[in-house]
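next comes the sequence, and after it the predicted model I'd like to discuss.
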Amino acid sequence: MEKAALILEGGALRSFFTSAVLDYFLEKQMDFEYIHGVSAGTMAAMNYISKQKRRSADVNLHFLHDKRYIGFNNLIRNGGIFNLDFLFSPECYDYSPFDYKAYNESKQIFEITATNVLTGKADIFRKTDTDGQEEAVKASASMPLISDIRVVNHQPYLDGGIADSIPFRRAQELGYEKIVVVLTRDISYRKPENSRAMNRLVKFRYRDFPRFVQAFADRPQQYNRSLAEIERLEREGKIFVIRPQEPVSVSRVERDDKKLMALYEKGTEVIQNQFADLQKYLAQ
């Protein structure tokens, strides 16, 4: 097992890129001691830890046009366009069972970031915190405005990416000297400022949670600062970054199977090309 940290950005269905990278790690039997996922990155991480190659991509593709999983009707029925409960349902597991035994027996450390709606800050859940673990995964992936607030351990949560989209600093705090970051945007990407209309909508929708409203408004600047720091550390050889090599046209709620599989194939190509360099970085 590599004594290194693996940080997984979210991005909803852009996580097909992440899934390809993780599947390649499984193929090469590359296990990281510490894994930290945000939003869709948490779900990809679960299948990596349970060592179920291609499960993330297969499940998403199989149910992509299933209204029980994705659809605006879920906003009324289940509180979000993505019915995250469905991914943990008997119907989903009948198609592709999740290997809880392998997941629970894994020695890998797995942490999840979700945004506390009361404080506007990132809260961290660990795999050993069995109470509400699946709810923490769902909370981390619950996008504002199109998802209901999730309650975990009596606290309200939404998308972990609001407070900390790329939690590489957590790995630094834990003392990891080798940190691998998987991003779902290319190097040219910077998050644009929220529109005034968007900020007003969030302020109205979450009027009882002013700290969350502020965190949402601050997110673009926070995200771009994180990217700048990651790129600096990458240049210094302190962090290894795996990212798409060109702008990603896949949307968060992409319904085009071919575009999703093309992104998966791009992810495979990228990690194949970078794998030798990654091994050198980890061996230094």
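Alright, I've got the coordinates. Numbering: from 1, shown residues only.

not counting its neighbours along the chain, what's nearest the most centrally placed residue in the chain?
If you average the C-alpha coordinates of the chain and look for the closest C-alpha using Cα atoms, centre = their mean, you land on Gly41, 2.1 Å from that point. In this structure, Gly41 finds its nearest non-sequential neighbour in Leu8, 3.2 Å apart by Cβ to Cβ, 6 or more residues apart in numbering. All C-beta spots, glycine's among them, are computed from the backbone N, C-alpha and C.

so who does that neighbour touch?
The neighbourhood of Leu8, defined by Cβ atoms under 8 Å, 6 or more residues apart in numbering, consists of Thr18, Leu22, Ile35, His36, Gly37, Val38, Gly41, Thr42, Ala44, Ala45, Val182.

now for the residues you listed, which pair is the farthest apart?
Leu22 and Val38 (14.3 Å; Cβ to Cβ).

which among the contacts of Leu8 end up buried?
When neighbours are counted using 16 or more other Cβ atoms under 10 Å, the contacts of Leu8 contain these buried positions: Thr18, Leu22, Ile35, His36, Gly37, Val38, Gly41, Thr42, Ala44, Ala45, Val182.

the fourth one bridge partners, please.
This points to His36. Following DSSP bridges, His36 is listed with bridge partners Ile7, Glu111.

per-residue pLDDT of the residue nearest to Gly41, please?
If you check Leu8, the pLDDT there is 99.

and for Gln133?
pLDDT for Gln133: 83.

who touches it in this structure?
With contacts taken as Cβ under 8 Å, 6+ apart, Gln133 has the following neighbours: Ile112, Phe125, Lys127.

what about those, which one has the most neighbours?
If you count neighbours using other Cβ atoms under 10 Å, the busiest of those is Ile112, which has 29 neighbours.

and that residue, what's its pLDDT?
With respect to pLDDT, Ile112 has a value of 97.

just use 46 as the starting number from now, easier for me
Done: numbering now begins at 46, and the last item shifts to Ile157.

for the residue nearest to it when sequence neighbours are not counted, helix, strand, or coil?
Ranked by Cβ to Cβ, 6+ apart and with sequence neighbours excluded, the top spatial neighbour of Ile157 is Phe170, at 4.5 Å. When states are read from DSSP: H, G, I helix; E, B strand; the rest coil, the local structure at Phe170 comes out as strand.

verify the contact between Phe170 and Glu179 for me.
No. Assessed by Cβ atoms under 8 Å, Phe170 is found out of contact with Glu179, at 10.3 Å.

compute the first-to-last residue distance for stretch 274-292.
Between the opening and closing residues of stretch 274-292 lies a distance of 20 Å (Cα to Cα, to the nearest Å).

quick one: buried residues of that stretch?
The neighbour-count criterion (16+ other Cβ under 10 Å) identifies Ile275, Leu278, Glu279, Ile284, Phe285, Val286, Ile287, Arg288, Pro289 as the buried residues of stretch 274-292.

quick one: residues contacting the first one.
Ile275 is in contact with Ile211, Phe213, Val226, Ile284, Val286, counting by Cβ under 8 Å, 6+ apart.

could you dump the residues you listed to TSV with distance to Ala307, secondary structure and pLDDT?
Supplementary listing: these in TSV, determined by distance: Cβ to Cβ, whole Å; DSSP: H, G, I helix; E, B strand; the rest coil; pLDDT from 0 to 100:
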residue	distance to Ala307	secondary structure	pLDDT
Ile211	24	coil	98
Phe213	28	helix	99
Val226	23	strand	99
Ile284	27	strand	98
Val286	21	strand	99
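
sweet, I'm off.
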